[in-house]
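>>> Generate coordinates for the sequence data below:
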Amino acid sequence: MALFSTWSLLSPPHGGQDRLAVEQFDDRIVFVVADGAGGMGGGAEAAQFICDRAMQCAKASPGNADAWEERLVAFDRELSVSAHGGHAAAVVAEVRNGRVSGASVGDSQAWLIDHEDNVLDLTTHQQRKPLLGSGAARPRAFGPVDMNRRRLLVATDGLFRYAPMDHFACMARVAPAPRAPSTLSDMARLPNGELQDDLAIVVCDEDADLPAVLRDIDAHLPHAQRGDPISCFHLAQHYENLDQPAAATHWFERAVEAGSTEACYDAGVAYARGHGVARDYARANHYYRLGAERGCALALNNLGYHYESGNRGLVQDPAQALVCYQRAAELGAADGQYNLAVAYQHGLFGLAPDLARAAALYRAAAVGGLPQALVAWGNCVEKGLGVAVDCDKAMASYNNAMNLGYAPGFWRCGLLHELGRGVPQHDGRAVRLYAEAAQHGCPEAMRCLGTMVRAGRGVEADPGLALHWLQRAAEAGDEEARVILGETISQG
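Numbers count the residues shown, from 1 in each chain. Have a look, this model is predicted:
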């Protein structure tokens, strides 16, 4: 069931002694943070071993508090006779049916933080030593404890040992989930921006109250069965959130039959993506056309995209694509405004390039909260594309994209810090932002991180790590990275 929003940070992103693992299953989510003991060798390997073994167990079956305690005991024995020879602290937490349970050993911690900044330390009774890998570790179980809409924070001691505790719980709670790990990591830094210890941080919010969702389904079902379009649509949304795509698609289609306009878009998406049904572009376009006739802006936008691409059940027709995007934009769809802005910026569909019109449309889509539009609008005001240059507005727009967890937003903020545009030049801050974006799959950030690590700017120079990120960027299609990688290899 897709009931969780989870964000994590590992710093340094490769290397160091800390490791983390997060995996969401149908009805639960499992987190592991492990802190390898330094000074004796094998710590990083031990931490990775614990993460790997915990996820193997999680995939095999759910675990309650006692089960996770027993599993950590078993990991301790396995590590003690393995070739790794390392020791590690660890916390494993599993959230299922609105309750969290798990086990821990060492000095990493798991907190539940409520809306008044009250903290419940789930790991308060854990044994600090001996660590896993010693053969004598004494893991302690915790839970089950009701989440009750509280935020779960799981992290290694590099956070709790060095971050000032004044207002720490408040910052951990109020920071937007996508930004919370980086916000907390900044609290544990020295004035020069360096970390005093490695960090592994996971933040988890519940997106839904399962009992309330099930009660709502029971309330809507009789009305939906009688053909009420609103109840059909609400049922479909609930089943979608519960990761039951076949049931969701069924009720979206029933909602369309009952006269719902907005359900036309969702039914079309279900067939275009094959959610709970066989992928069928003809059926998807049928629903998008119905939505277009009824004035559904999102359906119009997707129909335009299918006309633009020409490989989704429709013959490529730029003129029709433009008409759809224009109507979607007029109806206020941020996606339609964004696609029309791209057309004006680059002169697509027979339009004359018009940067001022493109910037206005990007801004409108950004006001609508579309992450890619926030970055595009920031780019306009950063570089003066159709509007006056204003780096403060650019940074604000990129920050809004970061708050939504959009990786290119982190990358563009990093560029401003690297170049000192609108903010003081700060290589260390740029590297941290690049690393966060790179970990979430942004090719441009991978390339920038690789070049900074290669040159030793904001971070200790590491040719191997630089090569790793440049290779990943090139593999992801970044042309600049391919050029830099070629030059790097030719220079040995």
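
>>> May I have the phi/psi pair for Met165?
With angles defined as degrees, to the nearest 10, Met165 sits at phi -80, psi -10.

>>> Quick check: mean pLDDT of the lengthiest helix in the chain?
In the chain, taking DSSP state H as the definition, the longest helix is helix 43-60. Regarding helix 43-60, the rounded mean pLDDT is 92.

>>> next one: stretch 66-82
On average, stretch 66-82 scores 92.

>>> CA-only coordinates of that stretch in PDB, if you can.
In PDB, the C-alpha atoms belonging to stretch 66-82 read as follows (Å, rounded to 0.1, in the frame of the first residue of the first chain):
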ATOM      1  CA  ASP A  66      10.800  -9.800  18.500                       C
ATOM      2  CA  ALA A  67      11.500 -11.100  15.000                       C
ATOM      3  CA  TRP A  68      13.900  -8.200  14.300                       C
ATOM      4  CA  GLU A  69      15.600  -8.700  17.600                       C
ATOM      5  CA  GLU A  70      16.200 -12.300  16.700                       C
ATOM      6  CA  ARG A  71      17.400 -11.400  13.200                       C
ATOM      7  CA  LEU A  72      20.000  -8.900  14.600                       C
ATOM      8  CA  VAL A  73      21.200 -11.600  16.900                       C
ATOM      9  CA  ALA A  74      21.600 -13.900  13.900                       C
ATOM     10  CA  PHE A  75      23.400 -11.200  11.900                       C
ATOM     11  CA  ASP A  76      25.800 -10.700  14.900                       C
ATOM     12  CA  ARG A  77      26.700 -14.400  14.800                       C
ATOM     13  CA  GLU A  78      27.100 -14.400  11.000                       C
ATOM     14  CA  LEU A  79      29.400 -11.400  11.100                       C
ATOM     15  CA  SER A  80      31.500 -12.700  13.900                       C
ATOM     16  CA  VAL A  81      32.600 -15.700  11.900                       C
ATOM     17  CA  SER A  82      32.800 -14.000   8.500                       C
END
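
>>> mind listing what's buried in that stretch?
Ala67, Trp68, Glu69, Glu70, Arg71, Leu72, Val73, Phe75, Asp76, Glu78, Leu79, Ser80 (16 or more other Cβ atoms under 10 Å). To be clear about C-beta, it is placed using only N, CA and C from the backbone, and glycine gets the same treatment.

>>> Outside of that stretch itself, list whatever touches it.
For stretch 66-82, the external contacting residues (Cβ atoms under 8 Å, 6 or more residues apart in numbering) are 46, 49-50, 53-54, 57, 63, 86-88, 90, 92, 94, 101-105, 132-137, 139-141.

>>> domain ranges for the chain?
Domain assignment for the chain, taken from automatic domain parsing, gives 4-207, 211-383, 405-490.

>>> quick one: the helices in the stretch 1-150 of the chain?
43-60, 65-80 (DSSP state H, counting those that start in this stretch).

>>> any chance of those helices in CSV, plus distance to Leu351?
Below are the helices of the stretch 1-150 of the chain laid out as CSV (distance: least, Cβ to Cβ, whole Å):
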stretch, distance to Leu351
helix 43-60, 50
helix 65-80, 59
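
>>> out of the ones you listed, nearest to Asn118?
Closest of those to Asn118 is helix 65-80, at 21.7 Å (criterion: Cβ to Cβ).

>>> Find the nearest non-adjacent residue to His115, please.
Using Cβ to Cβ, 6 or more residues apart in numbering and skipping residues adjacent in sequence, the residue nearest His115 is Arg173, 7.2 Å away.

>>> Surely the one you found touches Ile113?
Yes. Arg173 is within contact range of Ile113, at 4.7 Å (criterion: Cβ atoms under 8 Å).

>>> Could you tell me which residues touch both of these two?
By Cβ under 8 Å, 6+ apart, Arg173 and Ile113 have these common neighbours: Arg151.

>>> how deep is Ala319 tucked in, by neighbour count?
10 (other Cβ atoms under 10 Å).

>>> which element is it on?
For Ala319, the element it lies in under DSSP states H and E is helix 318-330.

>>> ok, and what's touching that helix?
For helix 318-330, the external contacting residues (Cβ under 8 Å, 6+ apart) are 292, 297-298, 300-301, 303-305, 307-308, 335-337, 339-340, 343, 348-351, 361, 364.
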